[in-house]
Structure formats: structure tokens, C-alpha cells
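Colleague: Sequence first, then the predicted structure, then my questions.
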There are 2 protein chains.
Amino acid sequence: MTDPRETGSELQPKWDANGLVTAIVTDARDGTPLMVAHMNADALAATLETGEATFWSRSRARLWKKGETSGHVLRVVEARVDCDQDAIWLRAEPAGPACHTGARSCFYRRIEGGRLVRVEG
Amino acid sequence: MTDPRETGSELQPKWDANGLVTAIVTDARDGTPLMVAHMNADALAATLETGEATFWSRSRARLWKKGETSGHVLRVVEARVDCDQDAIWLRAEPAGPACHTGARSCFYRRIEGGRLVRVEG
């Protein structure tokens, strides 16, 4: 029952069929979830090497450093991996709004009674 | 440029090719990320109806109420959706460890110098 991937000290991401893992980013200041994106091996390597969050854009099918055009980079303070290593959690300092809509966080709407209610930004 | 999915009040999840969205769960008490999982339409509906986090288990290919065997249910305090509605964020009160390994959170290892270092329970 002891899976080295779950208990060990080796970084061994469990890539999905498309070679991706899920990445969540929280604001290192107060823990607010900012965004969810995906990483392939190159994106994870770039993130760890540069300290700036880099993802794989599924829609554009290319590596995408967050903030490459907006300047709203996410400086990584800490990176963690989950038990089965198919998700990465980045604690980051955002240089600006994390959402392309201009909201601080992509999670600006609450689900209430089956509808969405804007709660910030 | 105004996408109703991003700006509107209609819950309209953007299911992926497998009919899933990503779900992240944080502890409503202090914001700690607890786990990442996936939801299909039935899982999301069950979560919203029952107030207990329910996911789609990709490995077992069935609906999976978190805590159905362990009792460690996640009582949902708030559910949010992200800008393009392909991710759900649940703020929840956990009845016990969220991770099947017994850890409070699945994110119990930090990535340091390409290796993993255990940081909690």
C-alpha cells in the first residue's frame, strides 16, 4: 500500500493523457485562490527554474508565462505537490490581477441557487 | 469580447472532453488548500444539492462522495466558479483529514531543489 509517489521525496508528476497536471495558484499574502491552470513538464520546469508561474495554454497549445503580456506575473514563493502528484499548488505574489478579466482572482462569482453572483472585483 | 460565460450570472460549466471540470477545495476555517479533484455534471449537482462535496472518481469511474467510507465529508460553505467556468472552488468544513493518506491536506510536500520535502502531518 506504500506508493513511493505518495510517500517519497522524488518529484514524479503524474501527467495525464495530454501530458498535463493541474496547477492552482493562491495569493501568498492571504491564501486567496487566484487561478487554476495546467502545466506540462516544460511549464513546471520553467516555473521552478525562473520562480515565475508558467503554464501550458491548452487553447493556444503553447507555453505561457503568466503576465508575459500584461506584466502581471506570479512570483512563486512556494510550490507543493499533492499526494498522487497530479496537482501542483503554487503560493505566489501577484504583480497585478491574476484574471484576464481584470479581477484580482478568477473566482469572482459565487454559486447561489443555481445562479452566479458576483462577489468581487 | 464580452463572453456571457465570463460575465453572466448563468451557471454554465465548461466541461472538458471527458465531461469534467476541476474542483479545488479549501478549508473554510483558514483557507488551506485541501485537495483537487474532478466533477462531472452529476457530481456538481449532488454537491450543490446536498452541501457535501461529491466528485467524479476518474480511477474508479463512478460518483464519489468524499468521506462516503471514511466519514471525512466536506461540508460546503461556499462554491465559486472561475472566469471561464472550467474550475470550481469549494470552501468547506472538513470532518477529518481530507487526504486518503491521513494528512490534513493532500499538499503535504513542498518542492525544493527538485525534491520533495514533507511539511505537515
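Modeller: Received the coordinates, thanks.
Colleague: In chain A, where is pLDDT below threshold?
Modeller: Counting by pLDDT under 70, chain A has low-confidence residues at A:1, A:121.
Colleague: ok, which stretches of it are strands?
Modeller: Assigned strands in chain A, in chain order: A:21-27, A:33-39, A:54-57, A:62-65, A:74-81, A:87-94, A:109-112, A:115-118 (criterion: DSSP state E).
Colleague: Could you take the ones you listed and lay them out as TSV, with extra columns for distance to B:N40 and mean neighbour count?
Modeller: C-beta here means a position set from N, CA and C on the backbone, and glycine is covered the same way. Below are the strands of chain A laid out as TSV (distance: least, Cβ to Cβ, whole Å; neighbours: other Cβ atoms under 10 Å in any protein chain shown):
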stretch	distance to B:N40	mean neighbour count
strand A:21-27	16	23
strand A:33-39	17	24
strand A:54-57	23	21
strand A:62-65	27	15
strand A:74-81	25	20
strand A:87-94	18	23
strand A:109-112	16	19
strand A:115-118	19	14
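Colleague: longest single helix anywhere in chain A?
Modeller: Taking DSSP state H as the assignment, the helix of chain A that covers the most residues is helix A:41-50.
Colleague: what packs against that one?
Modeller: Other helices and strands packing on helix A:41-50, by 3 or more Cβ pairs under 8 Å, 6 or more residues apart in numbering or on different chains; DSSP states H and E, are strand A:54-57, strand A:62-65, strand A:74-81.
Colleague: Go again with 6 Å.
Modeller: Helices and strands in packing contact with helix A:41-50 are listed as strand A:54-57; criterion 3 or more Cβ pairs under 6 Å, 6 or more residues apart in numbering or on different chains; DSSP states H and E.
Colleague: on that earlier part again, just the CA trace of the longest helix of chain A, in PDB.
Modeller: Taking Å, rounded to 0.1, in the frame of the first residue of the first chain, the C-alpha atoms of helix A:41-50 are listed here in PDB:
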ATOM      1  CA  ALA A  41       6.800  19.200 -18.000                       C
ATOM      2  CA  ASP A  42       8.300  22.200 -19.700                       C
ATOM      3  CA  ALA A  43       5.900  24.600 -17.800                       C
ATOM      4  CA  LEU A  44       6.700  23.000 -14.500                       C
ATOM      5  CA  ALA A  45      10.500  23.100 -15.200                       C
ATOM      6  CA  ALA A  46      10.300  26.800 -16.200                       C
ATOM      7  CA  THR A  47       8.300  27.700 -13.100                       C
ATOM      8  CA  LEU A  48      10.700  26.000 -10.800                       C
ATOM      9  CA  GLU A  49      13.800  27.400 -12.600                       C
ATOM     10  CA  THR A  50      12.600  31.000 -13.000                       C
END
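Colleague: Tell me which residues of that helix come out buried.
Modeller: Buried positions in helix A:41-50, judged by neighbour count with 16 or more other Cβ atoms under 10 Å in any protein chain shown: A:43-44, A:46-48.
Colleague: Test my guess that A:P97 contacts A:Y108.
Modeller: No: look at A:P97 against A:Y108 with Cβ atoms under 6 Å: they stay out of range, at 10.1 Å.
Colleague: Could you report the neighbour count for whichever residue of chain A sits closest to chain B?
Modeller: Of chain A, the residue with the smallest distance to chain B, taken as Cβ to the nearest Cβ, is A:G31 at 3.6 Å. The burial count assigned to A:G31 is 14, neighbours taken as other Cβ atoms under 10 Å in any protein chain shown.
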